[in-house]
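Undergrad: just need the structure, nothing else, for what follows:
(chains A and B)
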Amino acid sequence: MTVRPAKDKTGTGSSVKGGLPPSRSAIDANLRAILCDVLALDAAIVEAFDHDTGLFGHRPELDSMAVATLFTEMEDRLDIIIEDDDVDGEMLETYGGLLVFAEAKAVGL
Amino acid sequence: MALVFDRGRKHRLLVLPALFDEANKLRRQTIEIMARLDLSGIDSFLPDFPGCNESLEPLGTQTLDSWRAAAAEAAAHFQVTHVLSIRAGALLAPPALPGWRYAATTGAKTLRSMLRARTIAAREAGHSEKPEELAEKARKFGIELAGWPLGSAMFSALEAAAANVDSQQATIDQADIGGPGLWLRAEPAEDPEQADALAALVAIGLTHL
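TA: Presented below is the predicted three-dimensional model:
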């Protein structure tokens, strides 16, 4: 299993006015851009990732070193800190899991 | 051992590669850059650091200073005029040598990614390791990270190592090159356009210095 087309785009399009944490759509766009760079995929393919698209354990190139690189880049570009205790299999397994994690981090949860 | 493009020309460039995991990811790109410099009339020299690639030395006994000494030795041996360092290669560049550092990173950031990779792999294998505890042990006994055995002296020195700000090397950021840094990629890759851009910056710099 690699990539499935997006079933719907709802839930990722809300926007937030200035001064508040980055909008969900901004985090989503940023996260997709990071995955493009790490997985070396075309934007169109990563654009089609949906909530259930498999990541760690589903893509052979996404080994522990690649995940470490992914986290470091998420910290830099999303301005978050990822603690070791934050990391579990669920957040890494699917695109949706990773997005929910990034959103929670961005609002300081 | 070293990979060289040497035709006895005026401009002779020491290339200090990215380190550890990034060394593998960027090696092809590094050689692409050297091939372009060759076409621009610039000789270049990419040495193997002790304990890496063709070197017969054990990596676990190397220190940051032994690598810096090796870089200085290579600079003297090949009679280079300039240096181009890549990523953490900047930590090893002889400060007095003019040149460039491309997308320099610190030793601490390099270690952080490798420690993180190790804890992720451990978790996947069903046991838990903490980066802080690993680092503490590594300072005393050394550690193997992402397949690279690092001695305690190497680990401790890397934690504090950053590119020398007093050096004669100008900074080239990834934004100057365009596109994503190839060290981000899960698999080693090359990018002809990025290689063109970096080689052009160096070649233009050399002919105007």
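Undergrad: CA atoms for contacts and neighbours, from now on please.
TA: OK.
Undergrad: now do the same contact list for the closest residue to chain B within chain A.
TA: Nearest residue of chain A to chain B (CA to the nearest CA) works out as A:V38 at 4.2 Å. Residues in contact with A:V38 (CA atoms under 8 Å, 6 or more residues apart in numbering or on different chains) are A:66, A:69-70, B:184-186.
Undergrad: tell me the confidence at it?
TA: Confidence at A:V38, expressed as pLDDT, is 92.
Undergrad: what's the lowest-mean-pLDDT helix or strand in chain A in contact with?
TA: One helix or strand of chain A scores below all others by mean pLDDT, DSSP states H and E: helix A:89-93, with a mean of 86. With CA under 8 Å, 6+ apart as the test, helix A:89-93 has contacts from A:54-58, A:97-98, A:100-101, B:124.
Undergrad: following it in sequence, what is the next regular element?
TA: Next along the chain after helix A:89-93, taking DSSP states H and E as the criterion, comes helix A:95-106.
Undergrad: farthest pair in the contacts of helix A:89-93?
TA: Greatest spatial distance among these (CA to CA): A:V100 and B:E124, at 20.7 Å.
Undergrad: residue 89: how many residues sit nearby?
TA: Assuming you mean chain A. Using other CA atoms under 10 Å in any protein chain shown, A:G89 has 13 other residues around it.
Undergrad: wrong one, I was asking about chain B
TA: A count of nearby residues for B:G89, using other CA under 10 Å, gives 26.
Undergrad: SS state for it?
TA: Here B:G89 is recorded as helix under DSSP: H, G, I helix; E, B strand; the rest coil.
Undergrad: just to check, it is in contact with B:P17?
TA: Yes. Taking contacts as CA atoms under 8 Å, B:G89 lies within contact range of B:P17: 5.2 Å.
Undergrad: phi, psi of B:P98?
TA: Backbone torsions for B:P98, taken as degrees, to the nearest 10, come to phi -70, psi 160.
Undergrad: contacting residues around the nearest residue in space to it that is not next to it in sequence?
TA: Nearest residue to B:P98 in three dimensions, chain neighbours excluded: B:Q168, at 4.7 Å (CA to CA, 6 or more residues apart in numbering or on different chains). B:Q168 makes contacts with B:95-99, as judged by CA under 8 Å, 6+ apart.
Undergrad: per-residue confidence for the nearest residue to B:P149 once chain neighbours are set aside?
TA: Nearest-residue entry for B:P149: B:G60, 5.1 Å, with adjacent residues in sequence omitted and distances by CA to CA, 6+ apart. Confidence at B:G60, expressed as pLDDT, is 91.
Undergrad: quick one on the thing from earlier: and the residue of chain A closest to chain B, what element?
TA: helix A:24-39.
Undergrad: so what's the gap between that helix and the chain middle?
TA: Here helix A:24-39 is found 6 Å from its chain centre; the criterion is CA atoms, centre = their mean, to the nearest Å.
Undergrad: and for stretch B:23-43?
TA: With CA atoms, centre = their mean, you get 13 Å for stretch B:23-43.
Undergrad: quick one: residues in contact with that stretch.
TA: Here stretch B:23-43 makes contact (CA under 8 Å, 6+ apart) with B:4-13, B:17-18, B:44, B:182-183, B:185, B:187-192, B:195-196, B:198-200, B:203.
Undergrad: now the element after the helix holding A:V38, going C-ward?
TA: Remark: after helix A:24-39, the chain's next helix or strand is helix A:43-47, criterion DSSP H and E.
Undergrad: which bits of chain B sit near chain A?
TA: Taking CA under 8 Å from any CA of the partner chain as the contact definition, chain B meets chain A at B:113-114, B:116-121, B:124, B:130-131, B:146, B:180-182, B:184-187.
Undergrad: what sits closest to A:I81 if chain neighbours are left out?
TA: The nearest residue in space to A:I81 (CA to CA, 6+ apart) is A:E75, at 5.5 Å.
Undergrad: the one you found sits in which helix or strand?
TA: Taking DSSP H and E as the definition, one finds A:E75 inside helix A:64-78.
Undergrad: average pLDDT for that helix?
TA: What helix A:64-78 shows for mean pLDDT is 92.
Undergrad: dump it to CSV, restricted to CA.
TA: Taking Å, rounded to 0.1, in the frame of the first residue of the first chain, the C-alpha atoms of helix A:64-78 are listed here in CSV:
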residue,chain,number,x,y,z
SER,A,64,14.1,5.3,11.9
MET,A,65,16.7,7.7,10.5
ALA,A,66,14.2,9.1,8.0
VAL,A,67,11.6,9.6,10.8
ALA,A,68,14.3,11.3,12.9
THR,A,69,14.9,13.7,10.0
LEU,A,70,11.2,14.2,9.6
PHE,A,71,10.8,15.2,13.3
THR,A,72,13.7,17.6,13.2
GLU,A,73,12.3,19.2,10.1
MET,A,74,8.8,19.4,11.7
GLU,A,75,10.4,21.1,14.7
ASP,A,76,12.1,23.7,12.5
ARG,A,77,9.2,24.5,10.1
LEU,A,78,6.3,24.1,12.4
